[in-house]
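**Student:** Build me a structure from this.
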Amino acid sequence: MRAVRARCGGSALILAVIIVSVMAGMAVSLLTINVYQGKASTRGVSRESALTIAESGMDVMRFRLNTWTGGSPLTTVGPVSLGGGTYTATVTPAFSGTAGTYTIRSVGTTGTETRGIIAVVTASVTSVWGNGLVGDLSLTTSGSSFSDSYNSAAGTYASQATNYDAVNLKYYANTSGGLSSNGDISLSGGTFYGNVTPGPTGTLSSSAYISGSSAPAAAPQVFPPYVYTPPIAASGAYTQSGGTNTLTGGTYRFTQFTISGGGQLTLSGDVTIYVDAKFTSSGGSSKIILAPGARVQIHHGINDFTLSGGGVMNTSQIPSDFQVFSASTTKVTYSGGSAFHGAIYSPTADMTISGGSGFFGAGVGKSVTMSGGATFHYDEGLGASGTPGAYVLAAWREFAQAEWLAWAP
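**Tutor:** Modelled structure (predicted):
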């Protein structure tokens with residue numbers, strides 16, 4: 001009897017050990033599956049992030065093509081940090097401002113994941129600066145506003161404004177530029193030499209004199225979004241109240257930018273300034289001065305961009321020497337006391353131009369308002385100085401790992 005019980009007890013023990021072993025194995029398997037699923041989920045997020053970063057690199061390179069104004073041929077942008085990863089983008093053949101078809105390759109990396117995009121871009125017939133003053137959604141003028149065009153490569157505006165309109169008692173230069181919008185245009189008085197072009201389904205409301213066509217556009221204009229991607233770390237805020245200061249050639253980045261109290265900032269050489277947030281130059285005689293030979297680009301992130309007070313004094317009077325690119329979704333304002341010679345690209349911000357000192361160059365805004373007797377003179381040289389047209393995507397695809405490993409710069 002005892003032998004039987006012993007045998008039964010031994011069998012139960014063996015069975016218990018087997019059950020425990022099986023359960024332990026199942027637990028290990030479940031844990032392994034959970035760990036694998038977690039890693040797979042993390043990898044999936046990283047892969048999607050890497051592709052998004054690669055797309056951003058492609059957009060940045062296309063924007064560089066659209067805003068190229070000379071200098072060394074454009075070949076590579078990056079590596080640039082973005083969203084916890086990096087991108088490197090190249091263009092082939094090297095871009096020197098010649099219109100044509102180009103190939104962009106962009107690789108995005110997050111953690112251990114890398115994905116790449118190859119895109120073919122070609123120049124459209126629409127300049128990144130439009131063909132004058134452009135409000136994507138709308139354009140409005142009031143008072144005795146005025147517009148015409150000239151070519152800075154042929155000399156000063158004054159030397160070209162020799163045409164006399166005996167009916168309107170106005171001198172003007174050329175009529176190659178104009179006002180346009182992808183939406184409605186409203187002109188309350190004023191004199192405009194050139195075309196005034198509402199969008200394909202937009203309307204024109206006008207009590208102004210228009211020398212050219214006022215027919216709607218056959219197709220909407222395309223303006224690539226500006227992506228703010230500063231390549232260096234910020235050195236804090238730039239604040240100047242009164243006095244004078246100088247920034248020499250180089251690249252600068254500030255969290256915000258303020259000139260007030262009659263302060264005067266001189267920029268000399270090739271200067272590139274990145275401003276993360278609010279940009280303000282205002283108050284009395286506060287102004288930005290471009291020294292002879294200076295070429296300046298200002299890249300702006302969020303919040304308002306304001307140039308008032310003494311405005312900007314561009315010594316060369318060549319608009320391509322002072323260019324502003326803004327990602328603002330609020331407003332961009334110019335109301336300076338000095339004539340403005342420059343170009344402002346802010347396709348997602350409401351742009352306001354006021355004052356009678358004159359705006360010489362080009363402007364693109366989400367909406368545009370000219371008031372207070374503002375005058376606008378489109379510089380035809382902007383369309384001929386290395387900006388053959390806005391580059392648009394013809395085709396793109398993700399390219400395989402073997403391709404980008406063989407290509408990687």
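
**Student:** ok, longest strand in this protein?
**Tutor:** Of all the elements of type strand in the chain, the one with the most residues (DSSP state E) is strand 340-354.

**Student:** What residues does residue 61 make contact with?
**Tutor:** By CB atoms under 8 Å, 6 or more residues apart in numbering, the contact list for residue 61 reads 77, 89-91, 104, 106. Where you see a C-beta, it was placed from the backbone N, CA and C, and this is true even at glycine.

**Student:** With distance to residue 237, neighbour count and pLDDT as extra columns, can I get the residues you listed in TSV?
**Tutor:** Converted to TSV, the contacts of residue 61 look like this (distance: CB to CB, whole Å; neighbours: other CB atoms under 10 Å; pLDDT from 0 to 100):
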residue	distance to residue 237	neighbour count	pLDDT
77	27	20	91
89	30	28	92
90	34	20	93
91	34	23	93
104	35	26	93
106	32	29	92
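
**Student:** Among those residues, which are located in strands?
**Tutor:** In strands, judged by DSSP E, the following of the contacts of residue 61 are found: 77, 89-91, 104, 106.

**Student:** Using the record's domain definitions, break this protein down for me.
**Tutor:** Domain assignment for the chain, taken from automatic domain parsing, gives 1-124+390-409, 132-382.

**Student:** what's the most buried one of those domains?
**Tutor:** Most buried of the domains of the chain, by mean neighbour count (mean count of other CB atoms under 10 Å): domain 132-382, with a mean of 19.

**Student:** looking at the domains of the chain, which one has the lowest mean pLDDT?
**Tutor:** Between the domains of the chain, the lowest average pLDDT goes to domain 1-124+390-409, which shows a mean of 73.

**Student:** Tell me the one among the ones in strands among the contacts of residue 61 nearest to residue 276.
**Tutor:** Minimum distance to residue 276 across the ones in strands among the contacts of residue 61 is 19.2 Å, recorded for residue 77 (CB to CB).

**Student:** Pull the contacting residues for the residue lying closest to the closest one once chain neighbours are set aside.
**Tutor:** Taking CB to CB, 6 or more residues apart in numbering, and ignoring the residues beside it in sequence, residue 77 has residue 89 as its nearest neighbour in space, at 4.8 Å. Taking CB under 8 Å, 6+ apart as the contact definition, residue 89 lies against 57-58, 60-61, 76-78, 104-107.

**Student:** how far away is residue 89 from residue 304?
**Tutor:** Per CB to CB, to the nearest Å, residue 89 is found 30 Å from residue 304.

**Student:** Residue 223 now?
**Tutor:** Plainly put, residue 223 is 20 Å away from residue 304 if you go by CB to CB.

**Student:** can you check residue 62 too?
**Tutor:** Between residue 62 and residue 304 the distance, using CB to CB, works out to 27 Å.

**Student:** do residue 230 as well
**Tutor:** Between residue 230 and residue 304 the distance is 18 Å, computed by CB to CB.

**Student:** Now do the residue positioned nearest the centre of the chain against residue 336, distance only.
**Tutor:** To find the centre residue of the chain, average its C-alpha atoms and take the closest one (CA atoms, centre = their mean): that gives residue 226, at 1.9 Å. Between residue 226 and residue 336 the distance is 22 Å, computed by CB to CB.

**Student:** Isn't residue 264 up against residue 284?
**Tutor:** No - counting by CB atoms under 8 Å, residue 264 does not reach residue 284; the two are 10.6 Å apart.

**Student:** between the two, what contacts are shared?
**Tutor:** Going by CB under 8 Å, 6+ apart, residues that sit against residue 264 and also against residue 284 are residue 310.

**Student:** Fine, thanks again, bye for now.
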